[in-house]
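J.: following is a predicted model, sequence given first.
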Amino acid sequence: MESARATGLACCREAKRRSRPGGIYSLYMTDGPVVWDDANRQHLGLDHPERNISLSEIEEAMTDAVREEAPHPRRTGLWVVKGRTAAGRLLYVAWVEIPQGRYPVHAHAMGRGRR
């Protein structure tokens, strides 16, 4: 059986082969619904007012038609998406896939150094 590291490297190479120029690779894109509950509404909407990110902006970034999605580079089961809001703000959102859809767990605005 192939090692997890070897499998990960092969996936990474394949993803880079399919990548958009200048962007992160996109192995997987889903249009599953964005799932909200009290916990992630509290965490993303209220616990970090300094980020000034609304739940609707997170949903806009996660459903942006030209967003870039990829598995998180260090956390198994976590996905990341880089997408724009309707106002053009670039956000980075981490989410997990659950049977009901995509469950956002982290979000921050992307500054010039992170684009």
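T.: Arrived safely. Numbering: from 1, shown residues only.
J.: after the helix or strand of the chain with the lowest mean pLDDT, next one along is what?
T.: Within the chain, no helix or strand scores below helix 4-17, which has a mean of 36 by mean pLDDT, DSSP states H and E. Remark: after helix 4-17, the chain's next helix or strand is helix 38-41, criterion DSSP states H and E.
J.: can you list the buried residues in that next one?
T.: Neighbour counts over helix 38-41 (16 or more other Cβ atoms under 10 Å) mark residue 40 as buried. Placement of C-beta: from N, CA and C, glycine included.
J.: same deal with stretch 65-79?
T.: Result for stretch 65-79 [16+ other Cβ under 10 Å]: buried residues 67-71, 79.
J.: among these, which ones are in helices?
T.: Judged by DSSP state H, those include no members of helices.
J.: turn the residues you listed into TSV, columns for distance to residue 43.
T.: Output for those, formatted as TSV (distance: Cβ to Cβ, whole Å):
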residue	distance to residue 43
67	21
68	23
69	21
70	22
71	21
79	17
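J.: tell me the two of those that are most distant?
T.: Of all pairs drawn from these, the greatest distance, 14.5 Å, lies between 67 and 71 (Cβ to Cβ).
J.: can I assume residue 82 sits in a strand?
T.: Yes - assessed by DSSP: H, G, I helix; E, B strand; the rest coil, residue 82 belongs to a strand.
J.: so it sits against residue 62, correct?
T.: No - the pair residue 82 / residue 62 is not scored as a contact, 10.3 Å apart, by Cβ atoms under 8 Å.
J.: which of these two has more neighbours?
T.: Legend: neighbour count by other Cβ atoms under 10 Å for residue 82 and residue 62, higher for residue 62 (24 against 21).
J.: which ones are touching that one?
T.: By Cβ atoms under 8 Å, 6 or more residues apart in numbering, residue 62 lies in contact with 34, 81, 83, 93, 95, 102, 104.
J.: and what of residue 41?
T.: Contacts of residue 41 (Cβ under 8 Å, 6+ apart): residue 55.
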